[in-house]
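K.L.:
Got a predicted structure plus its sequence, pasted below:
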Amino acid sequence: MAWLSNIPATVWEGLRAFLGPLALTMIVGLLLTLGWVQVNALFLVWLERKVAGHIQLRIGPKEVGPFGLLQTLVDGVKLLGKELITPAPVSWPLFVLSPILVFAPVLVSFVVIPFGPGTQIRDLNVGLMLIFAFGGLGVLAILMGGWASNNKYALLGAIRSVAQNVAYEIPLLLSAMSVVIMAGSLSFQAIVQAQEGLWYVFCQPVAALLYLVGATAETNRAPFDIPEAESELVAGFHTEYSGMRFALFFLAEYTNMFIVASVATALFFGGWRGPFWPGPWWFLLKVYLLIFVVIWVRWTFPRLRFDQLMNFAWKYMIPIAVLNLMVTAVVLKIVR
Amino acid sequence: MTPVMGEYIRPEAVAWAAFILVTALTFVGALIAVLPRNIIYNVFGLATCILGVAGLFIFLGSEFLAMMEILIYIGAISIAIVFAIMLSQPMHVQIPPAWRPKLYLSFAVSAVVFVAFSIIVLRTPWEVALERGQDWTVRRLGELFLTRYELLFELISLALLVAIIGAIITAAALGGGRKSEGGS
């Protein structure tokens, strides 16, 4: 029976010889990413509901599966079975394209996420830029969906989302830049390598805080969730979407949380560094701890008003981020 | 001898397919940016076109430029254009039919630009680069911005300055008009 256990290795070797290492990495990476996105969203929705429940002195989902773990899976199946309603007055090419275009850039970002030393689909030299660039693409897609829905709540939600994203992208980029000039590279592997001994969260506490606040806003989460404020806008930009199209928006949002937390981990919390366990475990642990903090914040703080939100970005966060970048540059010039 | 994928699908063929894909994306985007009368479609066409151009940059091995193209032209400029549209006249207002002389004039200007670019492209003795830039450290990028590409860098800031001044003049003209309306 020994030959049976050799089959996976044989198949693997054969595929490797046939495809070559590069194409194999791409295909395996794509498959893993597609699987991971689903599992991550299922887990995060469950986590969100559990944490929210316990914060509000409830239990949260508990009926389906142990600790209600299978609740989101059942919800997902329900969403798959629902009808895709396309209201008559929508601008249909854009209406149909929007959920896809919101979801696709999120998938692209997985290419450069550094799960471990070498455990990365592709170590691009411009990895950090790639994530920010494709993040901007998602914003345009949200606007597309909101406009195409031909619904005032959807349009208002989309406009709010874009205004907020444009404002908070600046401190986000600036705080990431102060890390970049310390590490001297835009590649994630190099940035994590540079944090040997000391995590950047200790050298750059201001940038780390700015990044976390900006990232919460980028992912449209409370206290910055006015684009989909239920009490004002029904559901914001995805009001008119149903079934799997709505699920795609949802999936994109939770995957975005994962990506934003991964970038934060790589930039400020030493990436895969940690004792005893192999790198990817540490990386995932840190990412989910950060996501837990983001969920915790959501269920603790009330929603900001729109003018407060914009004022906070333009009058406080951006000046502080610029100042932090300048101070970093000067200090680096003196030290080196 | 074990079979290898490269024998069935040649890498050159894959490269050609990628090239045709991004070029098609660029052209289709450009057409959508110009032809439909619905201005929102035009913006999304422009974004598609820019995405195609970014793809061309990646095809040529210039990842940094591709990312900058997406970050700046889609992430910032397209969104700014959408905001400008939302601040301009409402969409349900009847769009006036295309004004013929303007159409001919813009065609002439585009033709002149096209011919000029074609002449430049045809006359330049293109050489295959000896090696592709592999050095993407922040230090190298900064040095290039302040030495070899300084002129371009400064020209871009000049263009931004012109845009800001134009916006201020437009806004001032609008504001002045409103004031005189209130006064009369």
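P.N.:
Cool, the structure landed.
K.L.:
quick one: low-confidence ranges for the chain?
P.N.:
No chain specified, so I'll use chain A. A:1-6, A:226-232 (pLDDT under 70).
K.L.:
actually chain B
P.N.:
By pLDDT under 70, the low-scoring segments of chain B are B:1-3, B:5-6, B:88-96, B:98, B:130-136, B:174-184.
K.L.:
can I see the domain layout of it?
P.N.:
Structural domains of chain B, as assigned by automatic domain parsing, span the residue ranges B:1-124, B:136-184.
K.L.:
Just say which of these is most tucked in.
P.N.:
Stretch with highest mean neighbour count among the domains of chain B: domain B:1-124 (a mean of 14; mean count of other CB atoms under 10 Å in any protein chain shown). To be clear about C-beta, it is placed using only N, CA and C from the backbone, and glycine gets the same treatment.
K.L.:
Please, which helix or strand holds the residue nearest to residue A:137 when sequence neighbours are not counted?
P.N.:
Spatial nearest neighbour of residue A:137, excluding adjacent residues (CB to CB, 6 or more residues apart in numbering or on different chains): residue A:105 at 4.3 Å. Per DSSP states H and E, residue A:105 falls inside helix A:92-109.
K.L.:
CA-only coordinates of the helix or strand just after that helix in CSV, if you can.
P.N.:
Downstream of helix A:92-109, the first helix or strand assigned by DSSP H and E is helix A:127-148. Provided in CSV are the C-alpha atoms of helix A:127-148 (Å, rounded to 0.1, in the frame of the first residue of the first chain):
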residue,chain,number,x,y,z
GLY,A,127,3.9,45.2,-4.2
LEU,A,128,2.6,47.9,-1.9
MET,A,129,1.7,50.1,-4.8
LEU,A,130,-0.2,47.3,-6.4
ILE,A,131,-2.5,47.0,-3.4
PHE,A,132,-3.2,50.7,-3.2
ALA,A,133,-3.7,51.0,-7.0
PHE,A,134,-6.2,48.2,-7.1
GLY,A,135,-8.0,49.5,-4.0
GLY,A,136,-8.7,52.6,-6.0
LEU,A,137,-10.2,50.5,-8.8
GLY,A,138,-12.7,49.1,-6.3
VAL,A,139,-13.8,52.6,-5.4
LEU,A,140,-14.7,53.4,-9.0
ALA,A,141,-16.6,50.1,-9.2
ILE,A,142,-18.7,51.0,-6.1
LEU,A,143,-19.5,54.4,-7.8
MET,A,144,-20.5,52.5,-10.9
GLY,A,145,-22.9,50.3,-9.0
GLY,A,146,-24.4,53.2,-7.0
TRP,A,147,-25.0,55.2,-10.2
ALA,A,148,-26.3,52.3,-12.3
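K.L.:
my guess is the residue nearest to residue A:137 contacts residue A:135, does it?
P.N.:
Yes: in this structure residue A:105 lies within contact range of residue A:135 using CB atoms under 8 Å: 7.0 Å.
K.L.:
which secondary structure elements does the one helix or strand residue B:23 maps to contact?
P.N.:
Taking DSSP H and E as the definition, residue B:23 sits inside helix B:11-34. Other helices and strands packing on helix B:11-34, by 3 or more CB pairs under 8 Å, 6 or more residues apart in numbering or on different chains; DSSP states H and E, are helix B:39-59.
K.L.:
CA atoms only for the very next helix or strand once past the helix it packs on, dumped as CSV, please.
P.N.:
Using DSSP H and E, the helix or strand that follows helix B:39-59 in sequence is helix B:63-68. Below are the C-alpha coordinates for helix B:63-68, written out as CSV (Å, rounded to 0.1, in the frame of the first residue of the first chain):
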residue,chain,number,x,y,z
GLU,B,63,5.5,47.6,-13.2
PHE,B,64,6.1,50.8,-11.3
LEU,B,65,4.7,52.9,-14.2
ALA,B,66,1.7,50.6,-14.5
MET,B,67,0.8,50.9,-10.9
MET,B,68,1.2,54.6,-11.0
